[in-house]
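Asks: Pasted the sequence and its predicted model underneath.
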Amino acid sequence: MVREVVREGLSGEELGFFMRFKPENEYVSRALGWAIAAHRDQKRKLGEPYIIHPIEVARILKEWGLNRDEEQAAGLLHDTVEDTETSLEDIKNRWGSKVAGWVENVSKFGSELETLRNVTSRSFIDAITGLLKLADRLHNMRTLFAMPPKKQNAISRETMDVYTELAESLGMWIVKEELSDLAFKYLDPDMHTQIDEEIRCDPRTDPACYLHYKSKIEALFAMSGMECEVNVRFKGRYSTYLKREKKIFQGECSPNDLIGINDLVSLGVIVKTREDCYKALEKIQNDWDGTGIADQPKDLIGNPADNNYQALQTGIQTSDGPIEIAIMTAEMKAFNDLGVAYKMSRDPEAKPALLKPVFLPSGKAMFMPPQSTGVDLMCRQDVSLARKKPVLIVDGQRMPVTVVLPVGATAEVIPTTEDDTSVDDHLFKYCLPESERKLRNIQLTAQEEKLQERGRKILEELLKPRGVLLMDDLGKHMVARIVRGVDRMENRVKSQEQLYHLIGGGFLETARVSTVLDEFGVTKSELGLSTILVTGNEDKPGILDILTGTIAEYGGNIKAVHTQTENGFEVRIIVKGINHESEDSIRDILGNNPVFQNALVI
């Protein structure tokens, strides 16, 4: 048995640990003394005394606001049962059943994924256990450099698959970001180094840049007498990597820089009240000078994000690239950063939330509220599946997504069709409020897509007599002029997508659009353009030769070619310099060619 001590019997080095931690009372002092004695002969891979680890875990918990005596004792004692002669009965007798329960749960949680799966298949995880295990993993990841490479990789993989998901489930976003970045460093060191270098070389991360705009915001509010604090945050390495990969796929970002990442640098404006948030946004929107301000700020206070993040978001367009501005209260910031830990620090009597572990077939863990259904899993996994007639697979068995997920099950949601459909109304009845918000958003997106597609088709009919099929064929500069022209008449059209929406929804008369098109010379006679559109069932060599040869025969000058080869082929060619008779001849030639299923010439 380990002898119970407070300060008596400690060596000089151990007494130093004791004094640096500065326990606030006798209860925590006894826990620290016991932990020091229990781990006395143990060393970490770094070669340092093992007691440094539980002390750091307790310190991390304190930083998160978990500084009540029982929480601190659990942090200090969390490894004693697993790694020393201490028994759970020792813990229970000296620090109570609550601390003993947390230590037991953390010990059972295990350090290997299979151990975790075996344990969690039988029980829920309470929030305190989750927070203890997160603090434990965070300190271990911060010192992972001392481990051999094989161990580094295995621990980092587990961190990505399990602990980042646990952090997200508890709303611990700053912890998720740090864990992700640390794991990324070992799992893909070359890419981590590349992203790190790109972030450091991006001019927005230069103090000369971000401190200028920080001070500009501070001066703006000082002049108005509104109190605020402005802090600077850089986006994490791993989240920057993921966001750029997504934007590259969407064609919105270059693989050679980070200019397309609008929140690489974020200026957080902290004000006193919710009302002040809106006043601050209005101040920035109205009084900012010299740099572009985002036209459409995001109100994530009135309409919180799916992860319950709250702020008013806008941005400034600098000569070095975009910088985000996020306006929030101190309470919003604390919740945005620390989620459940912040809520528990504010309400000591709050009952700790329970989490239900569920595993994807890949081994990745999801930590869900107890009543979570397959709909909730889908919304965490990929909410777009809601439009593809989803079904739930639980331990190999197919069932409706409305089923409540079993604890510790291996589960996933899969689509049953590749085509996008409407979101089934019954899904809203079988999910948690957070999932319902996601479903509402995707339903609104689907409705918006329908309106825009209808608007495109209506506009296509307006453009056909003018020699083009699509707005994009007029070029970005002309499209921007048309949008501004319609906005001048309507004062509600800020983008091409809004134009489609208003036309598709019947909120904008096409006659007004025609007037603007005429005003800017988008007519057949002034543009001198023709469009040739052909489709076919089989893509094969020589199709472009047929088209370009025919156009050349009639003296046409090709201005642009657009091709699509999925499920057959489609070719759209913008041509200048052919008259009406030539259009008729080309239409007849292509229409009679068996290579083409359809041929349109306008």
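Replies: Noted; the coordinates are in hand.
Asks: Domain boundaries for the protein, per the record?
Replies: For the chain, automatic domain parsing gives the domain ranges 12-188, 202-338, 356-421, 432-523, 528-602.
Asks: Adding mean neighbour count and distance to residue 346, write those domains out as CSV.
Replies: In this view, the C-beta of every residue, glycine as well, is placed from N, C-alpha and C. Converted to CSV, the domains of the chain look like this (neighbours: other CB atoms under 10 Å; distance: least, CB to CB, whole Å):
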stretch, mean neighbour count, distance to residue 346
domain 12-188, 19, 8
domain 202-338, 17, 8
domain 356-421, 18, 20
domain 432-523, 17, 20
domain 528-602, 15, 53
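Asks: could these go into TSV alongside distance to residue 196 and mean pLDDT?
Replies: As requested, the domains of the chain are exported to TSV (distance: least, CB to CB, whole Å; pLDDT from 0 to 100):
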stretch	distance to residue 196	mean pLDDT
domain 12-188	9	89
domain 202-338	6	91
domain 356-421	25	92
domain 432-523	32	90
domain 528-602	38	92
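Asks: Adding distance to residue 344 as columns, could you present the ones you listed in a markdown table?
Replies: Formatted as a markdown table, the domains of the chain follow (distance: least, CB to CB, whole Å):
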| stretch | distance to residue 344 |
| --- | --- |
| domain 12-188 | 7 |
| domain 202-338 | 9 |
| domain 356-421 | 16 |
| domain 432-523 | 19 |
| domain 528-602 | 51 |
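Asks: Shouldn't residue 558 be within a helix?
Replies: No: under DSSP: H, G, I helix; E, B strand; the rest coil, residue 558 sits outside any helix and is assigned strand.
Asks: and the gap between residue 459 and residue 473?
Replies: Per CB to CB, to the nearest Å, residue 459 is found 12 Å from residue 473.
Asks: Which strands and helices lie in contact with the helix ranked longest in the chain?
Replies: In terms of residue count, the longest helix belonging to the chain (DSSP state H) is helix 433-463. In terms of contacts (3 or more CB pairs under 8 Å, 6 or more residues apart in numbering; DSSP states H and E), helix 433-463 is packed against helix 374-381, helix 496-504, helix 510-519.
Asks: ok, residue 299 touching residue 312?
Replies: Yes: the pair residue 299 / residue 312 is scored as a contact, 6.0 Å apart, by CB atoms under 8 Å.
Asks: who touches both of these two?
Replies: The contact sets of residue 299 and residue 312 do not overlap (CB atoms under 8 Å, 6 or more residues apart in numbering).
Asks: What segments of the stretch 501-602 of the chain are helices?
Replies: 510-519, 524-527, 543-553, 580-591 (DSSP state H, counting those that start in this stretch).
Asks: could you redo those helices as JSON lines and give each row distance to residue 129?
Replies: As requested, the helices of the stretch 501-602 of the chain are arranged in JSON lines below (distance: least, CB to CB, whole Å):
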{"stretch": "helix 510-519", "distance to residue 129": "61"}
{"stretch": "helix 524-527", "distance to residue 129": "68"}
{"stretch": "helix 543-553", "distance to residue 129": "63"}
{"stretch": "helix 580-591", "distance to residue 129": "70"}
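Asks: Of all those helices, which one comes closest to residue 55?
Replies: Distance to residue 55, taken as CB to CB, is lowest for helix 510-519 among the helices of the stretch 501-602 of the chain, at 69.1 Å.
Asks: so how far is residue 457 from residue 448?
Replies: 15 Å.
Asks: ignore the last one, residue 128
Replies: For residue 128 relative to residue 457 (CB to CB), the value is 56 Å.
Asks: need the contact list for residue 203.
Replies: 209, 320-321.
Asks: My error: substitute residue 210 in the last question.
Replies: For residue 210, counting by CB under 8 Å, 6+ apart, the contacting residues are 204, 232, 265, 267, 323.
Asks: rerun that using 6 Å as the cut-off
Replies: For residue 210, the contact set (CB atoms under 6 Å, 6 or more residues apart in numbering) comprises 232, 265.
Asks: Can I take it that it is in a helix?
Replies: Yes: assessed with three-state DSSP, residue 210 lies in a helix.
Asks: Check the gap between it and residue 455 for me.
Replies: 40 Å.
Asks: now do residue 424
Replies: Relative to residue 455, and taking CB to CB, residue 424 is found at 26 Å.
Asks: got the residue ranges for the strands in the stretch 51-200 of the chain?
Replies: 125-126 (DSSP state E, counting those that start in this stretch).
Asks: Turn the contacts of residue 203 into TSV, including distance to residue 73.
Replies: Shown next, in TSV, are those (distance: CB to CB, whole Å):
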residue	distance to residue 73
209	46
320	49
321	48
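Asks: pretty sure residue 587 contacts residue 601?
Replies: Yes: using CB atoms under 6 Å, residue 587 makes contact with residue 601 at a distance of 4.1 Å.
Asks: Give me the helices and strands touching whichever strand or helix holds residue 356, please.
Replies: Using DSSP states H and E, residue 356 sits in strand 354-359. With contacts defined as 3 or more CB pairs under 6 Å, 6 or more residues apart in numbering; DSSP states H and E, strand 354-359 has these neighbours: strand 365-368.
Asks: and with 10 Å instead?
Replies: Packing partners of strand 354-359 (3 or more CB pairs under 10 Å, 6 or more residues apart in numbering; DSSP states H and E): helix 113-120, strand 125-126, helix 127-142, helix 164-169, strand 365-368, helix 374-381, strand 411-414.
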